[in-house]
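*Asks:* sequence plus predicted model, see below.
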Amino acid sequence: MNKSRPPVDGQCDECGFDYDTGDLQGTVTTLVRQSAECSMALTKAAAGPDSDVVRIRPEPEVWSAIEYACHVRDVLEVQRFRIAQCLAEDRPVYAPMDRTGRVKEAKYEDQDPMEVAAALMRFAREFGAAARVLQPHELGKLGLYNYPVRAPRSLGWLIRHTAHEIQHHRHDIIKILAVLEPPIIPAPKPDPVEETTDSTSTDPEPSADSPVDTER
Ligand SMILES: [Zn+2]
């Protein structure tokens, strides 16, 4: 599964994540919201007419929705442990999470989508709680990170990279499910037009036979 390995700096061509913009709180808020969207996409598909749709790989080398969701869940848990390790140790060296090995070892494709979705959300909230309280000097602390090459990375980067993992794979999960089961993930609706009686409005008054009721 190498088709969707997110980059680790700059802007991601695929999902639009930018490592150079956004503050910590905003990044974490987005991470938790996008984790919720991963969970909802998975549970909606699993509750649909063919629950096995979450286990279908669109191509042999591309993960299924449940495999991506399990990966996101495990990333959130591992990264939270790494935050704690970084704060506790003088020269932290993170153990690799073995992202591809876990797929088979933990039998991702056989896992219960509802349990995966619930755990994913729980780990997102726990990661968010651990990340939000980090102070500037802590965000600058370095640990030896293995992906994509062994290199010292700051805790601030680790938070951003986790947010990118979630945004990137949220994109993957929704894209895969939309192809396999179009009615389950509807296209986003445009924002509703606000009907207000704002006195500053320059809109002309509706004519007497206008079908639009602006009094509500
Ligand atoms: Zn991306």
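*Replies:* Happy to help now that I have it.
*Asks:* just the element for the closest residue to Thr43 other than its chain neighbours, please.
*Replies:* Spatial nearest neighbour of Thr43, chain neighbours left out: Ala117 (4.7 Å); criterion: Cβ to Cβ, 6 or more residues apart in numbering. Every residue, glycine included, has its C-beta placed from N, CA and C. Taking DSSP states H and E as the definition, one finds Ala117 inside helix 113-132.
*Asks:* run the chain-centre distance for that helix.
*Replies:* Its chain's C-alpha centre and that of helix 113-132 lie 11 Å apart, by Cα atoms, centre = their mean, to the nearest Å.
*Asks:* please apply the same query to stretch 160-180.
*Replies:* Worked out by Cα atoms, centre = their mean, stretch 160-180 lies 6 Å from the chain centre.
*Asks:* chain center to the helix or strand bottoming out on mean pLDDT in the chain, what's the gap?
*Replies:* Sorted by mean pLDDT, DSSP states H and E, the helices and strands of the chain end with helix 99-105, the least confident at a mean of 93. Chain-centre distance of helix 99-105: 20 Å, with Cα atoms, centre = their mean.
*Asks:* and if you look at stretch 141-150?
*Replies:* On Cα atoms, centre = their mean, the centre of stretch 141-150 falls 21 Å from that of its chain.
*Asks:* for that stretch, measure first residue to last.
*Replies:* Using Cα to Cα, to the nearest Å, the end-to-end distance of stretch 141-150 comes out at 16 Å.
*Asks:* buried set for it?
*Replies:* Lys141, Gly143, Tyr145, Tyr147 (16 or more other Cβ atoms under 10 Å).
*Asks:* residues in contact with that stretch?
*Replies:* Residues outside stretch 141-150 that contact it (Cβ atoms under 8 Å, 6 or more residues apart in numbering): 5, 8, 82, 85-87, 89, 91-94, 96, 151-155, 158.
*Asks:* do stretch 75-93 as well
*Replies:* Defining contact as Cβ under 8 Å, 6+ apart, one finds that stretch 75-93 is touched by 35, 94, 97, 99, 120, 123-124, 126-127, 130-131, 134, 138, 141-144, 155, 158-159, 162, 165-166.
*Asks:* contacts with the ion among these, please.
*Replies:* Applying Cβ under 5 Å from the ion to these, one finds that nothing falls near the ion.
*Asks:* the residue nearest to Thr43: how many residues sit nearby?
*Replies:* 24 (other Cβ atoms under 10 Å).
*Asks:* same question, Thr43
*Replies:* So Thr43, with other Cβ under 10 Å, has 17 neighbours.
*Asks:* so what's the most centrally placed residue in the chain up against?
*Replies:* What sits nearest the mean C-alpha location of the chain, by Cα atoms, centre = their mean, is Ile166, with 2.7 Å. By Cβ under 8 Å, 6+ apart, the residues touching Ile166 are Leu31, Gln34, Ser35, Cys38, Val72, Val75, Leu76, Ala124.
*Asks:* farthest-apart pair in those residues, please.
*Replies:* Largest separation among these by Cβ to Cβ: Gln34 and Val75, giving 12.3 Å.
*Asks:* near the ion, which residues of the protein show up?
*Replies:* With Cβ under 5 Å from the ion as the criterion, the chain comes near the ion at residues Pro6, Cys12, Glu14, Cys15, Phe17, His168.
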